[in-house]
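Q: A predicted structure for the sequence below; I have some questions about it.
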Amino acid sequence: MPSLTIDGQEVSFDGQPMILQVALDHGLEIPHYCYHPGLSVVASCRICLVEIAAPNPRNENKVELIPKLMPACQTPAADGMVVQSSSPKAVANQKAVMEYLLINHPIDCPVCDQAGECHLQDYSYKHGRGASRFQEDKVKQPKKDIGEHVLLYADRCIMCTRCVRFTREVSGTSEIGVFGRGHTEQIDVFPGRPLENELSGNVVDICPVGALLDKDFLFEQRVWFLGQTASIDPLTASGDSIWIHHNEGRIYRVKPRPNPEVNQWWISDEIRYGWHFVHSEDRLTTPRRMQFGEQIEAGWDRAGAQVEEGLREAAESGPGSLAVMVSPMLTCEEAYLLGRLVRGLDAEAVLVIGPVPVEGEDRTFPGGYRVHAEKCPNRHGVQRALSTLGGEVIDYAAFLERLSDKKSAIKAAVVSGNYPAAWPDGDLVKALGKRFLVVIDTLANDLCAKADVLLPSVTWAEKSGTFENAANRIQAFEQAIDPIESARSEGRIATELLAQCGLSEPTAFDPQAVRREMGGVYLEIEPPPTAPQREGDMQYVAL
Ligand code: SF4
Ligand code: FES
C-alpha cells in the first residue's frame, strides 16, 4: 500500500485521496476551513498550505522540495511524499491567513454559540497572533434571518463557501450564494427565496465559524457543558447515525454522526428538530390502573400484579385469547420480550406490528441523502424480532379486522405506543371494546384513558437498544438521559412482567443479554461508539 510522511509520521492510503484527507483519516491535524469531505474542493481559504517534498520521476525519483506551498486539500497524496504542515514557511502562512480572516471579524466569542467548537477560535489559539495590528474600522455586516431554522451572522463569516456548496451539491436547492466583491463580499439568500429545504440545518454543522446558527439552539447552552451520546434516528426508517447532545437530563440538540454507509455527514431537519417530544408536558410519568371504572395512580408492583391477573384470566378462555401490538417505535429487544410475555401465557397469542406512519414517498437528494417516507425507526426490526417467536405476525389493519370480528377469540391486549405525535385513530379504541387492556405509552392519548392498566414508558433517548432501518441494517444505540420520573423502558417493563408472571427469573433488563437470547443476526451487532472529544476535525471521521 502506498504511504507518505506527514509531519514526521508515516501513513498509508488507498486510492487517490488528497493529502488533507489522508491526514484526517489518521487523526493528524492540518488546519483547514473550506475543505469538507462531503463537498467539492475549492481550495479557497489557503490555511491548509503545506510544504511538500515528492519523488521527481524526471530525476530518478529523488525526493525534491516543491518550491511553493501547496494546498493539502487539493493536492493528491503520492507514494513517498514528505509533507510538512509545521515548517516555518507553512506556519508563517497559517499566521498570515489567520490575521487576514480576523481583520473584520467581530471577535465576539463570549456571546457566540459556536464558541467552544469554532475552527476560527481553535486555529486562532493554535496558529494565530496574540494581538491585532489592524487599526482601521472593521466592516460591519448585518444579522439576517435566512430561513425557518437558520440565522446568518454575516460579520463572523470567513467566506469558506461550504454553505453555498452544500445547497448546490447536496440539497440541490441553491438558496445560498456569494453576493458582492472584495471587503463587501457576503453570504446571503436570494430575495424572497429563504433557506427552506429539508436538509437546511446541515449548513449550521458545516459552517466552521459562528456565522450560521441554529435558531432552535440559539443561546440555549454553552457547548462545553454538553455531553454527547451515540444514537440512531428515532423518527424515520433511515437509521441515520446521530449524536444526542444533552446536559443534566435535558436534550439540547441532535447532530449528525458521520456514517459513510448510511447518512454520510448529514441528517434531515425532521430528525434534527424532532426530539422535542422527549420533554413534552404530556409525558406519562406514573403507572395507573382501573378501579371501579376509574383510573387511579398506582405503584409499579400493584400495576404489575393487575396486568398478570388480567392477562391470566383472559388466557384461561383458550388459545389465541391474548394479543400484543408492538409499536414500530420500539427496539428489537423490547419487541422480542413483549412477544415472549404474551406467548408465555398463551402459546397462540396474536403478535401484531402497530400502525406504521407513512408520509408521501422516499426522496433522494442530489448529494445522495435519502429522506424516508416511513416515519418510524424499527418496522423491520419489530417484524424480525417477533418472527423469532414463531407463527404469524400480523399488521395493524389485520389486527383491527380480528378485533372487530364478532367471533374473535382475543380477550385481552397489550398495546404499546411511543409515537412522537398523536395516535391512535379512533378505530383501535373502538375495536378494542371492553377487552382487558394494558397500554404502554409515553404521551397521553385516548387509548391511555381507556386502559385497565397504563404503564408509562420512555423515549429512545432514555434507553438503549437496536433499530433495524429500511435497508435492514441493525444498529445499536445508547441511553443518553435518565428516564423521566418513574417511567420505565418497555424492555424493563416486559422483563419485570416476565418475572411477575413466573416466566423468567427476576433480572435487570439488559439489551445485550436479550440479543444473545434472540441469537442469529443479533449476535453480530456492534456496540455504538463511545463519544470522542468533540473537537474540530474529528467530527468528519466516521464512527
Ligand atoms: S456562512 Fe459559514 S459556511 Fe457559509 S461561507 Fe461563511 S463561514 Fe463558510
Ligand atoms: S482547506 Fe485547503 S484551501 Fe481551504
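A: Received the coordinates, thanks. Ligands and ions are numbered 1, 2, ... in the order given.
Q: Give the bridge partners for the closest residue in space to G227 that isn't next to it in sequence, please.
A: Spatially, and ignoring its direct neighbours in sequence, G227 is nearest to H246 (5.7 Å; CB to CB, 6 or more residues apart in numbering). C-beta: built from backbone N, CA, C; applies to glycine. Per DSSP bridges, the residues bridged to H246 are G227, I251.
Q: which stretches of the stretch 401-543 of the chain have low pLDDT?
A: Residue ranges of the stretch 401-543 of the chain with pLDDT under 70: 531-543.
Q: and this protein, which of its residues are near ligand 1?
A: 157-163, 187, 206-209, 211-212 (CB under 6 Å from any ligand atom).
Q: who touches the residue nearest to W300 when sequence neighbours are not counted in this structure?
A: Spatially, and ignoring its direct neighbours in sequence, W300 is nearest to P287 (5.7 Å; CB to CB, 6+ apart). The contact partners of P287, by CB atoms under 8 Å, 6 or more residues apart in numbering, come to E297, A298, G299, W300, R302, A303, V453, L454, L455, P456, S486.
Q: surely the fourth one meets A487?
A: No: under the criterion of CB atoms under 8 Å, W300 is not in contact with A487, lying 10.4 Å apart.
Q: what about the closest residue to H26 other than its chain neighbours, how many residues close to it?
A: Distance criterion CB to CB, 6+ apart; nearest residue to H26, sequence neighbours excluded, is V11 at 4.5 Å. V11: 17 surrounding residues under other CB atoms under 10 Å.
Q: circling back: and of the residues of the chain next to ligand 1, the nearest to E374?
A: Distances from E374 to those, taken as CB to CB, are shortest for I206 (27.2 Å).
Q: shouldn't the closest one be in contact with C34?
A: No: I206 lies out of contact with C34 (CB under 8 Å); the separation is 10.4 Å.
Q: shared neighbours of those two, anything?
A: R162.
Q: where does the stretch 201-350 of the chain have low pLDDT?
A: For the stretch 201-350 of the chain, no range has pLDDT under 70.
Q: Can you classify the closest residue to E392 other than its chain neighbours by secondary structure?
A: Excluding the flanking residues, the one nearest E392 by CB to CB, 6+ apart is L351, at 7.3 Å. Assigned by DSSP: H, G, I helix; E, B strand; the rest coil, the conformation of L351 is strand.
Q: give the contact list for L330.
A: L338, N378, V382, S416, N418, E490.
Q: Against ligand 2, how distant is the residue nearest to W300?
A: Applying CB to the nearest ligand atom, to the nearest Å, the value for P287 to ligand 2 is 56 Å.
Q: A237 and G381 touch, don't they?
A: No: if you go by CB under 8 Å, A237 and G381 don't touch, sitting 10.0 Å apart.
Q: and these two? which has more neighbours close in?
A: The neighbour comparison of A237 against G381 (other CB under 10 Å) goes to G381, with 29 against 25.
Q: Please confirm that the more buried one is located within a helix.
A: Yes: G381 sits within a helix when classified using three-state DSSP.
Q: excluding its backbone neighbours, what's nearest it?
A: Closest to G381 by CB to CB, 6+ apart is E468, at 3.3 Å.
Q: Surely that neighbour and C332 touch.
A: Yes: if you go by CB under 8 Å, E468 and C332 touch, sitting 6.4 Å apart.
Q: backbone phi and psi for the residue of the stretch 51-200 of the chain found nearest ligand 2, please?
A: Taking CB to the nearest ligand atom, ligand 2 has its nearest neighbour within the stretch 51-200 of the chain at C73, 3.3 Å off. Phi and psi for C73, reported as degrees, to the nearest 10, are phi -80, psi -20.
Q: And for G465?
A: Torsion angles, degrees, to the nearest 10, at G465: phi 160, psi -160.
Q: who are the neighbours in contact with it?
A: By CB under 8 Å, 6+ apart, the neighbours of G465 are T331, C332, E333, E334, A476, F477, S489, G491, P511.
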